[in-house]
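sequence below, structure please.
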Amino acid sequence: MNVDGITLRVLINEFSSILGSNFLKKVQMPTSGRFYFEFSHSILFCSLLSSDCYCCLTEKKEASPAHPEGFVMLLRKYLNGSRLQRVVQIGTDRIMSLELTKRDEIGDVITYKVFLEMMGRNSNLIITDESNLIIDVWKRTITQTRSLIPGVTYEPYLANGISLSEYEDKGLDFLIAQISMSEPNQKLSRFIQSQFQGIGRQNLEEIFYRLDLNKNIPLSDLNDDHILALHEILITICNELKEGSLYVYESEGQKSLISPMPLLYALEMDYSVSKMEPSKALEYINGKVRLHSKLTEKKTKLLKTLDKEMKRAQSNIENLEKDLKESSKADQLQKNAELIMGNIYKFETKKNYEIIDVTDWKTGKEIRIELNKKYSLAINAQRLFKRASKLKRREEFVQKRLKKLNRRVFYLEGVYDALENTQTNEELEDVQGEMKESGLLPKTQPTKKGKEKAKQESSPRKFMYKGFEIIVGKNNKQNDRICHQYSREEYWFHAQKIPGSHVIINSAGKEVPEDVKEMAAKLAARFSKGRISTKIPVDYTKLKYVKKPKGSPPGFRLYDNFKTFVVDPVRDLDQLEKS
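Numbering: from 1, shown residues only. Take a look at the predicted model:
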């Protein structure tokens, strides 16, 4: 998550009040672009990654590498043991400056400045002396506009416009003057961002929501009421920024938002809001984002493993089907051998033939048989008998192997589907554990101290509908588990012939109405591979008719005495209460 200039302003106010004149004990960069400034009473964390540009105070830090990079060692040389004098923002842009002082060997006070530019892919960290002469740069660059290399005077890359605090002093007359001097066809959104520093896309959207105007409206279409409304909104935002807190907006399935001002448009979109201290808000949201990123990264890696295994199984199936096609020739080869032996008296026994024409005694038709000229008729017949026998034995083996491989592909598709639906680390570890047990991943070696700690397994999904609890397995291991936990008289549901969750209605001995059964079928369709389709056949029966064959993979079941619903997957889970 990246912060804009006005959010950074709130953060810097917090840094100034908490860090005060702390001593800087150590600078660390555990991974590229993630800097920790460890002060005597707090830790300032700065992320300068393209997708994560923000700063916050934190109580914990990542482990430092045994051999830090040269740039980190340089920062330690100049900054370790220095005292923080002030934290300032350059304009209202996304640039923060730390001013630190320390004494040299002869006792003279030396000032150093650390500039942190939080600008997406152009983010950087620059250390300078008191006169802004660059000592070194994290990412050295030379462009037409400026150079960031040692020995050059540092010039911040500032956006045009004034800060919102300056606008408080200038007021409505300034706004009217700037609009009149701008191009009439200029869009209002571009005008606001060019005239005021630090307003990001998210907060700009809030301004237009409050204005109740389209962001593409040209300046020429603004009337006096619009200009007055914009002025009042800007003054209101200036007052909201003085509160010193950040608002956190969260919604399931939506990107979380952080803003120093209330986002009314987010509330209309059913976001929940909480007000937090600036650093805690950023730590909370970015912690969730990083956790989700790690989860996605792990999931992607496991999905690739499954995909590779499924392709291998499909390739084996294709090869076996070719063999099966070849094996289908066994009956014709045997018949040819019988026809040779049945008509051998018609030919010279000592002569070798390449082709012979014989009569099929069943149909009366002439049949041409190709032979190996190296051998006699009798030996050719014998070779055909052997070849036919071998193909028949092979066909039996191929049929068994195909059945096994098709079952494995069905199992792998089920694991793949369960993995795609994982939302928490516990659910992911469940599937990962199953993959280890089934040989898809190498098993973890036990530590020297003893057995590996037992991992807590996730719980199945549970919904309430019209007084009945409906249980939905999240993965194959859970599917096995819930099939053993409930009475043999309970109803069991599964999407027909496609991978998916096992669904059970916990009736507690009550008679289950048809509409409850239908809802369970819709849930079985929703949590299956056919979730994006319509008219999914879902079979259901009682658990006593559901059997697990010996040696079958997790989640595999055979069943009989079933009926079938044809349903559309339930789309809106909010209509169901979570149990």
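
only C-alpha atoms from now on, for both contacts and neighbour counts.
Will do.

quick check: residue 394 vs residue 150, distance?
75 Å (Cα to Cα, to the nearest Å).

repeat for residue 484
69 Å.

of those two, give the one with the bigger neighbour count.
Neighbour count, other Cα atoms under 10 Å: between residue 484 and residue 150, residue 150 has more, with 16 against 11.

centre-most residue in the protein?
Of all residues in the chain, the one closest to the mean position by Cα atoms, centre = their mean is residue 296, 3.1 Å from it.

that one sits in which helix or strand?
Assigned by DSSP states H and E, residue 296 belongs to helix 278-327.

and for the helix or strand following that helix, what's in contact with it?
Following the chain from helix 278-327 toward its C-terminal end, the next helix or strand by DSSP H and E is helix 330-342. The list of residues contacting helix 330-342 from outside it, by Cα atoms under 8 Å, 6 or more residues apart in numbering, reads 358-360, 369, 377-378, 380-382, 384-385, 387-389, 391-392.

narrow these to those in strands?
If you go by DSSP state E, those have 358-359, 369 in strands.

among the residues you listed, which one has the most neighbours?
residue 358 (19 neighbours).

ok, residue 168 to residue 7 distance?
According to Cα to Cα, residue 168 and residue 7 sit 18 Å apart.

report the separation between the two terminal residues of stretch 237-246.
13 Å.

go through that stretch and flag the buried ones.
For stretch 237-246, burial by neighbour count (16 or more other Cα atoms under 10 Å) applies to 237-238, 241, 244-246.

returning to what we had before: helices or strands up against the helix holding residue 296?
helix 5-19, strand 52-58, strand 246-250, helix 377-420, helix 425-437 (3 or more Cα pairs under 8 Å, 6 or more residues apart in numbering; DSSP states H and E).

what do you get if the cut-off is 7 Å, keeping everything else the same?
strand 52-58, strand 246-250, helix 377-420 (3 or more Cα pairs under 7 Å, 6 or more residues apart in numbering; DSSP states H and E).

will you turn these into JSON lines that also has mean pLDDT and distance to residue 182?
Converted to JSON lines, these look like this (pLDDT from 0 to 100; distance: least, Cα to Cα, whole Å):
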{"stretch": "strand 52-58", "mean pLDDT": "89", "distance to residue 182": "32"}
{"stretch": "strand 246-250", "mean pLDDT": "89", "distance to residue 182": "33"}
{"stretch": "helix 377-420", "mean pLDDT": "85", "distance to residue 182": "51"}
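
closest to residue 504 out of those?
Residue 504 lies closest to helix 377-420 among those, at 17.1 Å (Cα to Cα).

state the distance from residue 361 to residue 347.
According to Cα to Cα, residue 361 and residue 347 sit 17 Å apart.

check residue 444 too.
Following Cα to Cα, the distance that separates residue 444 from residue 347 is 70 Å.

please identify which of the two sits among more neighbours.
For residue 444 versus residue 347, neighbours defined as other Cα under 10 Å are more numerous around residue 347 (13 against 9).

using CSV, write out every CA atom in stretch 109-123.
Extracted as CSV, the C-alpha positions of stretch 109-123 are listed here (Å, rounded to 0.1, in the frame of the first residue of the first chain):
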residue,chain,number,x,y,z
VAL,A,109,28.8,18.8,15.8
ILE,A,110,28.1,17.4,12.3
THR,A,111,24.6,17.4,10.7
TYR,A,112,23.4,14.7,8.3
LYS,A,113,20.1,14.5,6.5
VAL,A,114,18.3,11.4,5.3
PHE,A,115,15.7,12.0,2.6
LEU,A,116,13.1,9.2,2.0
GLU,A,117,11.3,9.6,-1.3
MET,A,118,8.2,7.4,-1.3
MET,A,119,7.2,7.5,-4.9
GLY,A,120,6.4,4.0,-6.2
ARG,A,121,9.0,2.6,-8.5
ASN,A,122,11.1,5.9,-8.2
SER,A,123,11.3,5.5,-4.4
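
contacts for that stretch, please.
For stretch 109-123, the external contacting residues (Cα atoms under 7 Å, 6 or more residues apart in numbering) are 48-51, 53-54, 94-104, 124-130.

that stretch: which residues count as buried?
Applying 16+ other Cα under 10 Å to stretch 109-123 flags 111-120, 123 as buried.

now the helix or strand that contains residue 210 against helix 5-19, angle please.
Element membership for residue 210 (DSSP H and E) is helix 201-211. With axes from the mean of the first three to the mean of the last three Cα atoms, to 10 degrees as the basis, helix 201-211 and helix 5-19 are set at 120 degrees to each other.

quick check: what element follows helix 201-211 along the chain?
As assigned by DSSP H and E, the chain's next helix or strand after helix 201-211 is helix 224-241.

and the angle for that next one with helix 5-19?
Counting by the same axes, to 10 degrees, helix 224-241 lies at 20 degrees to helix 5-19.

report how many residues lie close to the residue nearest to residue 56 when sequence neighbours are not counted.
The shortest distance from residue 56 to any residue other than its chain neighbours is 4.6 Å, reached at residue 279 (Cα to Cα, 6 or more residues apart in numbering). When neighbours are defined as other Cα under 10 Å, residue 279 has 22 of them.

can you name the residues that contact residue 279?
11, 56-57.

what residue of the chain is the furthest out?
residue 348 (76.3 Å).

how near is that residue to residue 377?
Distance, residue 348 to residue 377, using Cα to Cα: 9 Å.

and for residue 263?
Taking Cα to Cα as the criterion, residue 263 is separated from residue 377 by 93 Å.

so between the two, which is more surrounded?
residue 377 (26 against 23).

rewinding a little: in PyMOL, select just the buried ones from the contacts of stretch 109-123.
Applied in PyMOL, the following selects the buried portion of the contacts of stretch 109-123 according to 16+ other Cα under 10 Å:
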select buried, resi 48+49+53+54+94+95+96+97+98+99+100+101+102+124+125+126+127+128+129
